[in-house]
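Asks: task: produce atomic coordinates for the following.
(chains A and B)
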Amino acid sequence: MSSQLVCVFFSTGSIPREIGQLKNLIFLDLAYNDLSGSIPSEIGNASALQLLTLHANQLTGTLPVSLGNLARLQTLDVSDNSLEGPVPQELGNLGAVLQLSLSENEFIGTLPPSLGNCQKLELLNVSRNNLNGSIIHEIGKIASLISGLDLSCNHFTGTLPQELGNLVSLQLLNLAQNGLTGSLEVLGQLDSLTSLNVSFNDFTGPLPDSSIFRNLPASDLLGNPGLCLPGLNSSSIGSCGGGSNGQPSSAEESSSTSKHHSRSKTGTTTMVCLLFGFAMLILAGGCFLFYKRYWIYGNPFRSEPESTWPWKLTPFQKLTFTVDDVLDSLVDVNVIGSGLSGVVYKAEMDGGETIAVKKLWPVMAGERNYDAFAAEVDTLGRIRHRNIVRLLGYCSNKELNLLMYDFLPNGSLGEVLHEKRRNLDWETRYSICLGAAQGLAYLHHDCVPAILHRDVKSNNILLDSRYEPFVADFGLAKLIDGANTKAMSKVAGSYGYIAPGMCSFILELLLVPAAQITQRKDLVT
Amino acid sequence: MVLHFAHVAEYGYTLKITEKSDVYSYGVVLLEVLTGRRAVDSRYGEGWHIVKWVQDMNMNPKATAMEVLDSRLCGMPDDFIQEMVQTLGVALMCVNQTPAERPTMKEVVTLLLEVKHEPEASISKVSQPLVKRPASSEEC
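Replies: Below is the predicted model:
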């Protein structure tokens, strides 16, 4: 038995203590409401929770330590509230957490070293708080940190720990607006960085000579008077060559030593040096090739899933692109949306074709309750209709699933309707409604077995360049075979669109004691 | 916090997800398209839901269609306004509290096609309590 409640049921007031009785609640998204009061500690009893989003409310009080009990939690987002007090060390018990955002609150104190135990963490955002102390070296032990580390706008002090250099897969690092000191040298090892901001700290010494620093805009370095560029003059920061500003680097010391030597020794020594240099070049080249091979074939100790397991592409029609083309497009700048089931990227292929790629949130082994991937492939994969989004195929490896669709440039009906910039005339609105109805009628009446979409809403009706509608997002869809129509289906959908009988059931779950829920669970198969 | 207790008594025991649940959700989308409003919004007052709001407006003899329809659609020819009012009727059928009384999606398609092509025939089907039309469209 598993009831999956995908429903947002409050708009104002506080989060009730009874939330802890929802033992089967998997996703709880309460973002952008007017919730106030504190987060009840009972929430730690909702042990099936995988996603908890309380973003953009007016919550106060401290973060309950019981959150650490949510062993399955993959996303915890409490950003943009008025939460205070220290960051509880129990967050280090969140062994499954992938994304953790505490930003834009009033948290104080130091980051707990226990965070280093979150060995699946891909994104850590604690920006815009009142945190202080040094950057704990344990952060450098989270090898899975690939998406981002944002510590900006706090009161962190001290030097960067050497362990930060271990985060070789990290793409975004923001240290801006703190009181950090010392050298940036360790950041030179972060080869995957695509975005870096160290502005308004007290960093000193030469910039590391790595690709990210060579291309870094001055605005990301501003406000660090002690920083200098090795050998170059710049309008925003000084040159290290002058010797008066910044600290002399070890490179400068060794070069002056070798000058001294070349003056006093004969030409033979120069020859030996050249040979030695040549040998070093070959060695470096070898290291590079080894590194590249290691990188491509995957390091079993790295937890970045994309590169760990081999990919398999299953097309539902002739495709002109490869798995690599798809994987290359999965970068943050291409994100066009995200939801309960995953993140959607816009992917422009070399051949000029543009597709949409949905990266589903990873599902742990044995947790096949909410299987958006199976739902989409089982339903969309076998149907074709002019008003149903076309599933082009999917890419899978042992840990991740990517679904590929036609890209629909006008976004969703919900966006178009509620954006003040765009106005649809009546004829267009009518043809969108008719098309969507024809798509749903096809699912209900022409497919055998029939398909229930179960998440019909304006955000799931996508529009192509001519505003033709396409019913999309079959992550909750279900096949209904004749023998099984009377069986209870899982409660699913989006608040505001769920038929009345369904939501009352959800409210009932909220209000009755846990014991009764257990007794009645046979109602929900 | 706004919670609805009205349905709690009959909870669960009759809970059955059928294609009529999709029809209800589709009806909410139709209401969004016609009103230009979001499905859930605190400005609706009690209930905060577009269905409750439109149903209340529908029962209010003083309310006019123009108060329900998206103001950006006002000023259209009368034929179009008539089509919108008929589509509103279809939407209200879809969000009927009783699943059995909601049309199937196939019937929805037929009703919507009639809105455009056979106005005379469709009026009899969908003109059960509809939002009253104003005498003129000066309100826009």
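
Asks: list the buried residues of stretch A:69-89.
Replies: Of all the residues in stretch A:69-89, those buried under the rule 16 or more other Cβ atoms under 10 Å in any protein chain shown are A:69-70, A:72-81, A:83-84, A:87-88. Placement of C-beta: from N, CA and C, glycine included.

Asks: so which of the residues you listed comes closest to A:Ser14?
Replies: A:Asn81 (12.3 Å; Cβ to Cβ).

Asks: wait, what's in contact with that closest one?
Replies: Counting by Cβ atoms under 8 Å, 6 or more residues apart in numbering or on different chains, A:Asn81 touches A:54-60, A:104-105.

Asks: repeat that for 7 Å
Replies: By Cβ atoms under 7 Å, 6 or more residues apart in numbering or on different chains, the contact set of A:Asn81 is A:54, A:57-59, A:105.

Asks: which among those residues count as buried?
Replies: Taking 16+ other Cβ under 10 Å as the criterion, what is buried in the contacts of A:Asn81 is A:54, A:57, A:59, A:105.

Asks: and these, which of them are in helices?
Replies: Taking DSSP state H, every one of these sits outside helices.

Asks: quick one: secondary structure of the residue lying closest to A:Gly188 once chain neighbours are set aside?
Replies: Leaving aside its chain neighbours, A:Gly188 sits nearest to A:Pro208 (2.7 Å; criterion: Cβ to Cβ, 6 or more residues apart in numbering or on different chains). Here A:Pro208 takes the coil state, with states given by DSSP: H, G, I helix; E, B strand; the rest coil.

Asks: next, count neighbours for A:Pro208.
Replies: 17 (other Cβ atoms under 10 Å in any protein chain shown).

Asks: ok, back up a step: in TSV: the contacts of A:Asn81, plus distance to A:Ile139 and pLDDT.
Replies: Formatted as TSV, these follow (distance: Cβ to Cβ, whole Å; pLDDT from 0 to 100):
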residue	distance to A:Ile139	pLDDT
A:Leu54	24	90
A:Asn57	27	89
A:Gln58	30	90
A:Leu59	26	94
A:Asn105	19	94
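
Asks: among the residues you listed, which one lies nearest to chain B?
Replies: A:Asn57 (12.6 Å; Cβ to the nearest Cβ).

Asks: that closest one - nearest residue in space that isn't next to it in sequence?
Replies: A:Leu35 (4.0 Å).

Asks: with A:Leu67 instead?
Replies: A:Gly44 is the one closest to A:Leu67 (Cβ to Cβ, 6+ apart), at 5.8 Å.

Asks: tell me who's in contact with that neighbour.
Replies: By Cβ under 7 Å, 6+ apart, the residues touching A:Gly44 are A:64, A:66-67, A:69-70.

Asks: before we move on, what about B:Ile50?
Replies: Contacts for B:Ile50 were tallied using Cβ under 7 Å, 6+ apart; they are B:28, B:31-32, B:35, B:37, B:39, B:44.

Asks: just the ones in strands from these, please.
Replies: Here DSSP state E is the test, and those give no hits in strands at all.

Asks: so where do the strands sit in chain B?
Replies: Here chain B has no strands by DSSP E.

Asks: any regions of it where pLDDT drops low?
Replies: Chain B contains residues with pLDDT under 70 at B:1-17, B:45-47, B:117-140.

Asks: where exactly do the helices run in it?
Replies: Here chain B has its helices, by DSSP H, at B:19-35, B:50-59, B:65-68, B:78-94, B:105-117, B:119-126.

Asks: any chance of those in JSON lines, plus distance to A:Lys457?
Replies: Formatted as JSON lines, those follow (distance: least, Cβ to Cβ, whole Å):
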{"stretch": "helix B:19-35", "distance to A:Lys457": "6"}
{"stretch": "helix B:50-59", "distance to A:Lys457": "12"}
{"stretch": "helix B:65-68", "distance to A:Lys457": "20"}
{"stretch": "helix B:78-94", "distance to A:Lys457": "13"}
{"stretch": "helix B:105-117", "distance to A:Lys457": "15"}
{"stretch": "helix B:119-126", "distance to A:Lys457": "23"}
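
Asks: just say which of those is most tucked in.
Replies: Comparing these by mean neighbour count (mean count of other Cβ atoms under 10 Å in any protein chain shown), helix B:19-35 comes out on top with a mean of 25.
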